[in-house]
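>>> below are the sequence and a predicted model for it; my questions follow.
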Amino acid sequence: MSTLPGGSGNPFDFPKAEEGICDKWSKESTFKTQNRLSEERGDEEYTFYDGPPFATGLPHYGHILAGTIKDVVTRYAAMTGHVVERRAGWDCHGLPVEYEIDQMLGITHRDQVLEMGIDKYNTTCRGIVLKYTSEWESTVTRLGRWIDFENDYKTMDPNFMESVWWVFKQLFNKDLVYQGYKVMPFSTACGTPLSNFEAGLNYKDVRDPAVVVHFPIVGEEDVSFVAWTTTPWTLPSNIALCVHEKLEYVKLLDKKSGNKYIMAKTRMCQLYPAMSKKKWKPKMAEELFEILETFPGKDFVGKKYQPIFDYFTKDPNASEYYRILSDNYVTDDAGTGIVHQAPAFGEDDYRVCLAHGVIEKGAELPCPVDSNGLFTEQVPPVKGKHVKEADATLIDILKETKRLVQKDNLDHSYPFCWRSDTPLIYKAVPSWFVKVEDIRDKVVENNKKTYWVPNQVKEGRFHNWLVDARDWAVSRNRFWGTPIPIWANEDMSEVICIGSIQELADLSGVTVTDLHREVVDKVTIPSKKFPNRVETY
């Protein structure tokens with residue numbers, strides 16, 4: 001409660017005044033009238049893109065603040081002689097909706113969705129999408145924002161989904177999309193990859209097992225490379241080791257076991273704490289080991305070693321597996337100076353193995369873990385176990401096979417899923433990519449021609465993001481969303497990209513009014529190469 005300016009002393013009720021103004025605008029259709037008059041005058045169109053909120057929750061401070069700023073911008077444009085279409089929109093697809101449905105139905109594995117049927121699952125998703133729209137309209141209107149709720153758009157509308165198909169088709173025709181793998185932060189509880197931003201939202205201090213494992217050199221079975229890892233569950237997928245070419249490595253004799261190990265000279269403290277600066281005890285060190293030779297890391301590149309497990313030794317590309325690679329990302333600040341490579345579960349692992357020809361771009365990877373973080377039948381001893389639960393069993397196997405050199409625990413900060421509060425893993429996900437790197441230079445140049453407010457974003461944060469931009473993974477392994485419009489045969493020798501409902505009808509003979517998976521998955525297109533077959537993907 002306050003008083004009017006001028007010291008009249010009369011109380012002024014701001015909330016009542018706001019309600020009165022909103023009521024007046026509603027009765028007089030002020031917003032609609034402004035738009036009509038602008039159109040009648042033939043004012044120039046002002047295009048404003050407003051990212052839609054998810055329709056699965058109530059508006060919060062972030063929505064209200066951003067919405068107020070957007071209202072100021074569009075009002076100013078309208079007042080300076082422009083027609084400004086301001087349609088409310090709703091982001092209806094993706095993980096936020098599916099996660100809410102999974103909690104409601106008690107779904108913990110994607111196989112449960114397949115059992116109940118994608119059609120039934122998506123019907124349930126559709127049912128909750130507009131649960132909060134009336135509350136949104138009430139709150140936004142009360143704030144005084146002028147936006148059209150009567151002609152709102154939804155990302156689940158056929159015309160909106162069709163526009164996504166059209167865009168994908170343009171990229172496809174320009175050879176700017178391809179299918180491949182990307183290692184991403186992955187929530188096993190939600191069964192989906194997360195963005196790096198989401199992965200950084202929830203870190204916790206945890207204790208994980210840390211093991212050192214030895215890898216005998218082929219032809220020198222009495223000498224082994226030793227690698228350290230805090231994710232023993234990734235060891236069944238090991239297909240390479242990585243060193244730094246310029247680091248100094250030693251071959252040493254472990255006097256207790258009689259084994260000969262190769263590791264970075266500055267990392268002997270990993271096996272022998274007596275070598276650390278704080279605990280340096282020369283006499284004790286002499287009792288523990290003897291340095292036999294020293295080498296630069298480059299001397300090891302290309303050498304072969306014996307795999308720990310044989311689960312992927314018969315892969316089509318296995319002749320390239322189980323050898324030493326090199327990369328500058330290897331450091332001597334932890335571990336042994338030798339990093340084990342499981343490209344299905346590490347971004348650097350994937351990059352390095354790809355660069356050295358151990359794996360091929362787009363080819364299937366050794367990945368015995370499903371979308372819910374459970375081991376598949378490819379690793380029988382831990383089949384059905386969650387990766388974190390499998391560590392103990394795998395460590396026991398390493399001990400039995402005498403490949404375990406050291407077992408310890410590491411206390412460290414680890415990312416958790418901000419929705420399910422479960423530990424994340426990094427996992428290679430098959431995706432369709434946009435070739436951003438092919439057009440990156442053009443995009444950077446075009447950004448220089450764009451007017452930014454504030455200007456430092458143009459030259460700073462956004463410019464830096466564009467300069468470092470990588471190929472963009474645009475697909476997700478979801479059920480409730482816009483399907484990638486690709487039809488293909490099993491070996492991908494015949495691929496068709498569809499850009500519209502009409503094009504799909506022309507090629508398949510089927511006209512659809514809904515583009516969700518439960519509908520389009522059933523549509524087949526006759527093969528041009530093999531007229532007597534139909535090919536679907």
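Structure received. Fair warning: this is a prediction, and the values are worked out from it, not measured in the lab.

>>> any low-confidence regions in the chain?
Along the chain, segments meeting pLDDT under 70 span 1-10, 274-283, 531-537.

>>> in it, where's the longest helix?
helix 61-79 (DSSP state H).

>>> hmm, who's touching it?
Helix 61-79 is contacted by residues 34-35, 38, 46, 48, 50, 53, 59, 84, 86, 139-140, 143-147 when judged by CB atoms under 8 Å, 6 or more residues apart in numbering. All C-beta atoms are positioned from the backbone trio N, CA, C, and that covers glycine.

>>> buried stuff in stretch 325-333?
325-327, 330, 332 (16 or more other CB atoms under 10 Å).

>>> correct me, but Ala428 touches Asp349?
No. Applying CB atoms under 8 Å, one finds Ala428 not in contact with Asp349, separated by 9.1 Å.

>>> can you check which residues contact both of the two?
Residues touching both Ala428 and Asp349 (CB under 8 Å, 6+ apart) are 183, 343.

>>> the two: who's more crowded?
Using other CB atoms under 10 Å, the more surrounded residue of Ala428 and Asp349 is Asp349, with 30 against 27.

>>> so that one is in which element?
Secondary structure from DSSP states H and E places Asp349 in helix 347-355.

>>> next one: the longest strand anywhere in the chain to chain centre, how far?
Ranked by number of residues, the top strand in the chain under DSSP state E is strand 203-217. Computed by CA atoms, centre = their mean, to the nearest Å, the chain-centroid distance of strand 203-217 equals 24 Å.

>>> who does it touch, helix- and strand-wise?
Strand 203-217 makes packing contacts with strand 220-229, helix 387-400, strand 404-415 when contacts are defined by 3 or more CB pairs under 8 Å, 6 or more residues apart in numbering; DSSP states H and E.

>>> closest to Glu18 among the buried residues of stretch 325-333?
Nearest to Glu18 among the buried residues of stretch 325-333 is Asp327, at 61.0 Å by CB to CB.

>>> ok, now which ones touch that closest one?
242, 244, 348, 351-352, 355.

>>> which residues in the stretch 101-250 of the chain form helices?
110-116, 118-129, 133-142, 158-173, 196-199 (DSSP state H, counting those that start in this stretch).

>>> mind checking which of the buried residues of stretch 325-333 land in strands?
325-326.

>>> quick one: which two of the buried residues of stretch 325-333 are the most distant?
Taking CB to CB, no two of the buried residues of stretch 325-333 sit farther apart than Leu325 and Asp332, at 16.9 Å.

>>> and the helices in the stretch 401-537 of the chain?
Using DSSP H, counting those that start in this stretch, helices in the stretch 401-537 of the chain cover 436-448, 455-459, 461-467, 501-508, 517-520.

>>> in the sheet, who's paired with Phe215?
Phe225 (DSSP bridges).

>>> counting neighbours, what do you get for Val467?
The local packing of Val467 (other CB under 10 Å) involves 12 other residues.

>>> burial check on the residue lying closest to it once chain neighbours are set aside, number of neighbours?
Ranked by CB to CB, 6 or more residues apart in numbering and with sequence neighbours excluded, the top spatial neighbour of Val467 is Val444, at 6.1 Å. Neighbour count for Val444, taken as other CB under 10 Å: 13.

>>> which residues are in contact with Val444?
With CB under 8 Å, 6+ apart, Val444 has these contacts: 463, 466-467.

>>> and which of these is nearest Phe225?
Distances from Phe225 to the contacts of Val444, taken by CB to CB, are shortest for Val467, at 36.8 Å.

>>> please report how far that closest one lies from Asn447.
10 Å (CB to CB, to the nearest Å).

>>> keeping just the C-alphas, turn stretch 222-242 into PDB.
Extracted in PDB, the C-alpha atoms of stretch 222-242 (Å, rounded to 0.1, in the frame of the first residue of the first chain):
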ATOM      1  CA  ASP A 222      57.100 -60.800 -19.700                       C
ATOM      2  CA  VAL A 223      56.700 -57.000 -20.100                       C
ATOM      3  CA  SER A 224      53.300 -55.200 -19.700                       C
ATOM      4  CA  PHE A 225      51.900 -51.700 -20.100                       C
ATOM      5  CA  VAL A 226      50.000 -50.600 -17.000                       C
ATOM      6  CA  ALA A 227      47.000 -48.300 -17.100                       C
ATOM      7  CA  TRP A 228      44.900 -46.800 -14.400                       C
ATOM      8  CA  THR A 229      41.100 -46.200 -14.500                       C
ATOM      9  CA  THR A 230      38.300 -45.200 -12.200                       C
ATOM     10  CA  THR A 231      35.700 -46.900 -14.400                       C
ATOM     11  CA  PRO A 232      36.500 -50.600 -14.300                       C
ATOM     12  CA  TRP A 233      33.200 -51.300 -16.000                       C
ATOM     13  CA  THR A 234      34.600 -49.800 -19.200                       C
ATOM     14  CA  LEU A 235      37.500 -52.400 -19.400                       C
ATOM     15  CA  PRO A 236      35.500 -55.100 -21.300                       C
ATOM     16  CA  SER A 237      35.300 -52.500 -24.100                       C
ATOM     17  CA  ASN A 238      39.000 -51.700 -24.100                       C
ATOM     18  CA  ILE A 239      40.500 -51.700 -27.600                       C
ATOM     19  CA  ALA A 240      43.600 -49.500 -27.400                       C
ATOM     20  CA  LEU A 241      46.000 -47.800 -25.000                       C
ATOM     21  CA  CYS A 242      47.300 -44.200 -25.400                       C
END
